[in-house]
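Asks: 3D model of this:
(chains A and B)
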2 protein chains.
Amino acid sequence: MVSMNPESYFPRNIKAALQHNPPGEWIPSVPANAIRLHSGYPAPHLVPSVELKDAVAQLLEVENDLPLHYIGSPSIDRLKEYVRARQEVRGMLAKDNELLITSGACQAIDLIARIFLDKDAVVVVESPTYMEALEIFWNYTDQIITVPIDKDGLQTEQLAELLAKRKQKGMRQPSFLYTIPTFHNPTGTTMTAKRRNHVLQLAEEYDFLVLEDDAYGELGFTSNPRTLKSMDTQERVLYVGSFSKVIAPGMRIGWVHASEKFIQALFWFKKDLEHPFAQATMATFLKKIDFSSRLQELSKAYQKKCYVMLSALKKHLPKDATWFVPDGGYFVWVKLPNLDTEKLLSKATEEGVSFLPGKYFFLDQEEGAEYLRLSFSYESEKDIEKGIEKLGYVIVSK
Amino acid sequence: MVSMNPESYFPRNIKAALQHNPPGEWIPSVPANAIRLHSGYPAPHLVPSVELKDAVAQLLEVENDLPLHYIGSPSIDRLKEYVRARQEVRGMLAKDNELLITSGACQAIDLIARIFLDKDAVVVVESPTYMEALEIFWNYTDQIITVPIDKDGLQTEQLAELLAKRKQKGMRQPSFLYTIPTFHNPTGTTMTAKRRNHVLQLAEEYDFLVLEDDAYGELGFTSNPRTLKSMDTQERVLYVGSFSKVIAPGMRIGWVHASEKFIQALFWFKKDLEHPFAQATMATFLKKIDFSSRLQELSKAYQKKCYVMLSALKKHLPKDATWFVPDGGYFVWVKLPNLDTEKLLSKATEEGVSFLPGKYFFLDQEEGAEYLRLSFSYESEKDIEKGIEKLGYVIVSK
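Replies: Numbers count the residues shown, from 1 in each chain, chains lettered A, B, ... in the order given. From the prediction side, this is the model:
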């Protein structure tokens, strides 16, 4: 008789992955009435719940049981058409077999990691970067390299140096660079056009791919910069888009736009299959609205919220606090010198305001101790003002 | 300048996986007006499209934007409660951390493969078996071993022999056995209680796990046999359930019931995250219905359809054709000696009827040449009768 030890059944790579922080460890425990400045959620009044309810009613009246089976709803194909059309508006021409609908951007990033990363593979990420992407990549490899961000996005000169050194030393070059070039999470920065060109040039020179995460790319306050994918002449860019920030994250719909061979491989490993109910509902909703007007409305609303947050920060935060001024997206990234933002969080939530400590966005968490991420997306302007006032109070009375 | 060759970026294991048949290759191309006996779909009139529409309306009226964010809808927790209660009815007690909601049974199987299979891992499957499970497993390993099925399910004596031989030779033993013990796909057979006990005894003796796929397990015409999980005293069984066959596959909701450590590891790799819109809708629907009555209604309806199919088979198929008589589920598995069912399919679809050729359910596809899977689930009784008549005609006039 062999007694059962659950962990003995995991292969080595799984055991290694399980040594990291558990997924979602960064989600703070926040009292129900706290002002939530940690949530990367869209504003409640900008989530089209009534319209989505109507979309479901219309869809099921027209198609009956069709969108409730595995395949067969014509709306699913229409969703792909909408995504394709949207890509085209932004200067990215996708053939049908160059698009894959995914269950959100996270699944897209995970599938891309799945097809390119073996256990010795190298991946480059921005520092700081999206914490969920870190969670995904260290499920595959321990060879994660970071390149710092400044107000103009990824510091491509540093990337160039790093690649040159690795080449000199005969080290394995990265499989891909993961970047959020536009309205970056968590810093809110945007990569300059010059640096974008530099990224693509380096990708060609050192033969790596680029995973462009564009979840916030259409939420520019005044304009949306060109995507890396739209500048990509070599099919090196795997573009990831999402409806989470511009419609509703709970629908779990994102997509990948990449060369046919890559899309085919991603499809091979996508074993949750299509999500007909959610996808057909989304297609029905998109048919009824003017997506460009919706984006304009969102951008205006988030710009106002951002302005309120920035004004409040100036008013309520100590003089040595600094932050980047975003041109779009959801986030403001604040530096509080000589402070440990993780310790600050428990005091802040007691006071009734939340944020995300910087540590979760860094591979080496200590680098993030003085930083915090604030979201202006979710709360009302009034509560943003009040929340920052509380935050200022907590910092001063620390 | 390096020119771009997409395939050069894939690690060896991904290249190997891509050598297999593409996912969904088995889906036949069928004229719109053909009688679809290939589809493992629920009957259109048994898919609760009106009730699901009402559930969405009610959910969004009560919870507004909540089920449209990443987390936060109370209905998501309620869904887990319903699943837990359902497991309990069937003699399987799950603690909260022993359940994981997945995007259908396929994702559950894929996640289980992900955490247990490295490239040299061994997995045992029934022969024939669910073609999507084969697609999933060969994405991980080439060490797939088959054990044949007869009218009483998996031939556990053969499994025992195989394991003993491997032990003798010092070969690696399987990580897990994948089985559909109840109303098997594709054969419709059910494993006897004696063999179930034998499976669990072998699992203990040779220290492997059991992936129990129970997608059809509550669709018994007269009763539902005890699950392996309910007999499992060692937490060796990872149980996979699904709402696809009893509510609607397009909702993409399944679950895993397993020991806490396994559930934790599965969660680690589930990167499509929760699907709040679909899950909260399902919870709202389940709250409104009597699930046990629903199951009774389904079983009665499918039993009738099965009866119609079996009678038609007797009437219209050549005398040398044989099949198992199912006690539940969706499928009848037919053997047509000296026939190649793949060739037969193109003639059949021309004639206006479809089925699935047996080859897709075998690791060694040639073994399936004389078999075909018929679904009685989807079409009306009238069309089942008509479809089998057409099938008989095609076989005779081959």
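
Asks: if I look at the nearest residue to A:Val396 once chain neighbours are set aside, how far off is chain B?
Replies: Excluding the flanking residues, the one nearest A:Val396 by CB to CB, 6 or more residues apart in numbering or on different chains is A:Pro318, at 6.5 Å. The way it works is simple: take the backbone N, C-alpha and C, and place the C-beta from them, glycine included. Note on A:Pro318: its distance to chain B, by CB to the nearest CB, to the nearest Å, is 32 Å.

Asks: My guess is A:Leu344 contacts A:Leu372. True?
Replies: Yes: under the criterion of CB atoms under 8 Å, A:Leu344 makes contact with A:Leu372 at 7.4 Å.

Asks: any common contacting residues for the two?
Replies: Contact criterion CB atoms under 8 Å, 6 or more residues apart in numbering or on different chains; residues shared by A:Leu344 and A:Leu372: A:Leu336, A:Pro357.

Asks: the more surrounded of the two?
Replies: The residue with more neighbours, out of A:Leu344 and A:Leu372, is A:Leu372; 30 against 19, by other CB atoms under 10 Å in any protein chain shown.

Asks: Relative to the host helix or strand of the more buried one, what are the paired strands and their orientations?
Replies: A:Leu372 is located in strand A:371-375, with elements delineated by DSSP states H and E. Looking at strand A:371-375 with DSSP bridges, its partner strands are strand A:331-335 (antiparallel), strand A:356-357 (antiparallel).

Asks: And the last one, how far out from the chain middle?
Replies: Pointing back at strand A:356-357 there. Put simply, strand A:356-357 sits 16 Å off its chain's centre (CA atoms, centre = their mean, to the nearest Å).

Asks: which ones are touching the closest residue to A:Trp26 other than its chain neighbours?
Replies: Closest residue to A:Trp26 apart from its sequence neighbours, by CB to CB, 6+ apart: A:Tyr360 at 4.0 Å. Contact analysis of A:Tyr360 by CB under 8 Å, 6+ apart lists A:Glu25, A:Trp26, A:Met131, A:Gly368.

Asks: Please settle this for me: is A:Tyr360 part of a helix?
Replies: Yes: counting by DSSP: H, G, I helix; E, B strand; the rest coil, A:Tyr360 is part of a helix.

Asks: all strands for chain A, in order.
Replies: Secondary structure of chain A (DSSP state E): strands at A:35-36, A:99-102, A:122-127, A:143-150, A:153-154, A:176-179, A:209-213, A:237-242, A:254-257, A:322-323, A:331-335, A:353-354, A:356-357, A:371-375.

Asks: And the pLDDT for the residue nearest to A:Ala265 when sequence neighbours are not counted?
Replies: The shortest distance from A:Ala265 to any non-neighbouring residue, by CB to CB, 6+ apart, is to A:Ile115 (4.5 Å). On the pLDDT scale, A:Ile115 is placed at 98.

Asks: I'd say A:Ile115 and B:Ala17 touch.
Replies: No: the criterion here is CB under 8 Å, and A:Ile115 misses it with B:Ala17 at 9.0 Å.

Asks: more neighbours, the two?
Replies: Neighbours were counted for A:Ile115 and for B:Ala17 using other CB under 10 Å; A:Ile115 has more, 24 against 20.
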